[in-house]
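heads up, no residue letters with this:
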């Protein structure tokens, strides 16, 4: 009997050592071997955390002789939360086993429990009542509440586990709101008295939440506009880093969306680097195309090239699984990673064209933006999009079509049907244009050098009249942009030009270090001197043009072999800030080349020939139509008495020297070349 009593007291001492005196310990003989956090109304059978116990074991427990206990620490105590440790003993804590063959054994065990833990008969009922509240999840919360404050009111009335439900519910509700309503609701959310308490509770729960719930709540917080530099966001980022090995395919998608929405900082950069490693290890195991595309968008432009190629190969393998939506979003994903996969883009372009009538204009705009960023030029894709918009132009808003035209201009693509239809629409309803739209339209049409038969003059007059109404509030820079566009189109409205010629306006525009405005003023000055008899003197001095010449060695060698030294000159700087690559002087009949050493008796006795080496960017994408600045330069060189020979840089690079010589000989001496040179390049459509 004494031995049995000694064993009882020895067990009590061991329990007092194991458990801190400030914690309340309850022993349940048939309890589960896991800690439980008891909230005022937590249901262990919550559907969102049906497997909650598995996520805790790796982060917040210590094993000691088959006993599971939480770390003791003040920072785990929360306001309104009682912490309960369920301790399951699978074997006695003393070497000697308690005897159950005595008739007093059961009574002794009951006495032990009563003496050690002071249980009353009603404790089981209290626990049952305490741990079985009405279950609450984010879907139910979002249906019951109509505002973010309503969700916080629910939390303050009766907090439930997990706190992630409240943030997810608030983001679901916010997505249903307009931008203005969302802005007001977010401000009310930040000012709500329960918001700080919810944030504190979320930080305490972060280590024991399921990983996907942790990521969903972090994504909701970022989307709700909680500042990234707050302790809450940075704490969750650190926890996500520590537990990144728990990431499955679903979590990869959510984590990718989070990082894509966040600004760079130390914790974000570390987490992104961890995602790179994780993606490199698991890329071949990804099954869903959506997850793969989210990962491609997230890895970013700074990802290792080996990882980019691996993701590209995975996408190519999954092409047969691509839906129309996947093919549309692939452009944006590759642009975010800054990886141009021509094969992948070509295949996605075919899918987009196959279902273009079901593609929203916003998606088409995103596709064109991605093509611009990736420098991917697919004439079939661009033509298909432009044809679709041209045939359905009446259903689109004016600003949508203008934005589409701006993207086409950035790509150098000129679609005559779309631009003709839009020009008619502008002429029919000029009142629908605002100042910004007018300037954008002028820029597109002048840059692409587009003219539409006899309606060009009417279009120009409509644009001038519309812009004149904004003279009282237009900035000098916007006015200069509009006037420069008119100059490229060979149209000179003096009502808009005269305000620019004031000394104070010129001084305002010539900002030190800003070459753009100086370049546009040079264009205006050249046009006023060469295109129209300007009676008003231009008395402003412009800074000299920076010399950025392209030295075409192949053309120089070919001219030297064809004509000999002294019969041509290179790098010629002309008046009005024009530059030509080579100049050749010929007799008026074009039968022979004249040396530069001979004295010129009369300018009427010679024909000056300008050889221009032009890049691909000087032409529209189809390489058959010169863009605005080149067309204006050709016009002005003709006025100055030059015959122009255009040498295409991209073609010369592929030719042998003998082929370049043959090409130049044909252009210099052929009568047909001189006849076709008189065609007005700006009138071609």
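Nice, thanks for sending it over. Bear in mind that the values here come from a model prediction, so they are computed numbers and not experimental data.

which residue ranges of the stretch 151-300 of the chain form strands?
Read by DSSP state E, counting those that start in this stretch, the stretch 151-300 of the chain holds no strands at all.

no wait, the chain
Here the chain has its strands, by DSSP state E, at 25-26, 36-39, 62-64, 67-69, 81-86, 569-574, 578-587, 593-594, 606-614, 642-648.

between the two ends of stretch 241-258, how far is it?
Distance across stretch 241-258, first residue to last, is 13 Å (Cα to Cα, to the nearest Å).

name the residues that touch it?
55, 58-59, 211-212, 214-216, 218-219, 222, 240, 267, 270-271, 274-275, 278-279, 282, 285-288, 290-291, 294-295, 297-298 (Cβ atoms under 8 Å, 6 or more residues apart in numbering). (C-beta placed from N, C-alpha, C; glycine too.)

mind listing what's buried in it?
Within stretch 241-258, the residues that qualify as buried are 243, 244, 246, 247, 251, 252, 253, 254, 255, 256, 257, 258, counting by 16 or more other Cβ atoms under 10 Å.

surely residue 496 and residue 478 touch.
No - taking contacts as Cβ atoms under 8 Å, residue 496 lies outside contact range of residue 478: 10.9 Å.

tell me the contacts of the spatially closest residue to residue 622 that is not a sequence neighbour?
Leaving aside its sequence neighbours, residue 622 sits nearest to residue 379 (Cβ to Cβ, 6 or more residues apart in numbering; 6.9 Å). Contacts for residue 379 (Cβ under 8 Å, 6+ apart) come out as 413, 621, 622.

of those, which is the most crowded?
residue 413 (24 neighbours; other Cβ atoms under 10 Å).

quick one: contacts for that one?
By Cβ under 8 Å, 6+ apart, the neighbours of residue 413 are 377, 379, 382, 386, 620, 621.

residue 231 now?
residue 203 are the contacts of residue 231 under Cβ under 8 Å, 6+ apart.

about what we covered before: how much space separates the residue nearest to residue 622 from residue 307?
31 Å (Cβ to Cβ, to the nearest Å).

from residue 157, how far out is the closest residue in space to residue 425 that isn't next to it in sequence?
Excluding the flanking residues, the one nearest residue 425 by Cβ to Cβ, 6+ apart is residue 393, at 6.8 Å. Going from residue 393 to residue 157 by Cβ to Cβ gives 55 Å.

can you get me a residue count around the nearest residue to residue 238 once chain neighbours are set aside?
Excluding the flanking residues, the one nearest residue 238 by Cβ to Cβ, 6+ apart is residue 267, at 6.2 Å. By other Cβ under 10 Å, 18 other residues sit near residue 267.

then residue 269?
Neighbourhood size, residue 269 [other Cβ under 10 Å]: 12.

give me the pLDDT for the residue nearest to residue 622.
On pLDDT, residue 379 comes in at 95.

how is this protein carved up into domains?
2-130, 553-683 (automatic domain parsing).

rewinding a little: between residue 393 and residue 157, which one's more packed in?
Shown here are residue 393 and residue 157; by other Cβ under 10 Å, residue 393 has more neighbours (16 against 9).

how near is that one to residue 625?
22 Å.

show me where this structure dips below the pLDDT cut-off.
The model of the chain has pLDDT under 70 over residues 1-136, 513, 534-540, 546-550, 598-603, 670-685.

quick check: residue 577 touching residue 527?
No - assessed by Cβ under 8 Å, residue 577 is found out of contact with residue 527, at 12.0 Å.

quick one, what contacts the residue nearest to residue 238?
Residue 267 touches 234, 237, 238, 241, counting by Cβ under 8 Å, 6+ apart.

hmm, 10 Å instead?
Neighbouring residues of residue 267 by Cβ atoms under 10 Å, 6 or more residues apart in numbering: 228, 233, 234, 235, 236, 237, 238, 240, 241.

so how far is residue 209 from it?
Residue 267 is 18 Å from residue 209, by Cβ to Cβ.

same check, this time on residue 380
For residue 380, the distance to residue 209 - Cβ to Cβ - is 49 Å.

now residue 455
Between residue 455 and residue 209 the computed distance is 65 Å (Cβ to Cβ).

then residue 145?
Here residue 145 is placed at a distance of 22 Å from residue 209 (Cβ to Cβ).

neighbour count winner among residue 577 and residue 527?
residue 527 (24 against 15).

who touches the residue lying closest to residue 378 once chain neighbours are set aside in this structure?
Nearest residue to residue 378 in three dimensions, chain neighbours excluded: residue 349, at 5.2 Å (Cβ to Cβ, 6+ apart). Shown in contact with residue 349 (Cβ under 10 Å, 6+ apart): 327, 330, 331, 367, 371, 376, 378, 380, 381, 382, 384, 385.

make a PyMOL selection of the buried ones in those.
The command below creates a PyMOL selection of those among those that count as buried (16+ other Cβ under 10 Å):
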select buried, resi 327+330+331+367+371+376+378+381+382+384+385
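
out of the contacts of residue 379, the closest to residue 501 would be?
residue 413 (35.2 Å; Cβ to Cβ).

quick check on that closest one: phi, psi?
phi -100, psi 130 (degrees, to the nearest 10).

separation between it and residue 147?
Distance, residue 413 to residue 147, by Cβ to Cβ: 47 Å.

grab the most central residue of this protein for me.
residue 336 (5.8 Å; Cα atoms, centre = their mean).

need the contacts of residue 379 in a markdown table with distance to residue 606, can you?
Converted to a markdown table, the contacts of residue 379 look like this (distance: Cβ to Cβ, whole Å):
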| residue | distance to residue 606 |
| --- | --- |
| 413 | 41 |
| 621 | 38 |
| 622 | 36 |
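
buried only: go through the contacts of stretch 241-258 for me.
Buried, going by 16+ other Cβ under 10 Å: 55, 211-212, 214-216, 218-219, 222, 240, 267, 271, 274-275, 278-279, 286, 291, 294-295, 297-298, out of the contacts of stretch 241-258.

still on that earlier bit, quick one: which of the contacts of residue 349 sit in helices?
Of the contacts of residue 349, the ones assigned to helices by DSSP state H are 327, 330, 331, 367, 371, 380, 381, 382, 384, 385.

not counting its neighbours along the chain, what's nearest the second one?
Distances taken as Cβ to Cβ, 6+ apart place residue 348 nearest to residue 330, at 4.6 Å, with adjacent residues excluded.

show me what contacts the one you found?
Per Cβ under 10 Å, 6+ apart, neighbours of residue 348: 315, 319, 322, 324, 326-331, 333-334, 341, 367, 378, 381.

now do residue 509
Residue 509 sits in contact with 476, 477, 479, 480, 500, 516, 517, 518, 520, 521, 540, where contact means Cβ under 10 Å, 6+ apart.

repeat that for residue 145.
Counting by Cβ under 10 Å, 6+ apart, residue 145 touches 151, 152, 153, 154, 166, 169, 170, 172, 173.

over to it: give its phi and psi.
Per-residue torsions, residue 145: phi -110, psi 150 (degrees, to the nearest 10).

ok, it to residue 155 distance?
10 Å.

that older thread, which neighbours do residue 496 and residue 478 share?
With Cβ under 10 Å, 6+ apart, residue 496 and residue 478 have common neighbours residue 467.

in helices only, show me the contacts of residue 267.
The helices, defined by DSSP H, take in 233, 234, 235, 236, 237, 238, 240, 241 from these.

most widely separated two among those residues?
So, the ones in helices among the contacts of residue 267 by Cβ to Cβ: farthest apart are 233 and 241, at 12.8 Å.

anything in contact with each of the two?
In contact with both residue 233 and residue 241: 267, 268, using Cβ under 10 Å, 6+ apart.
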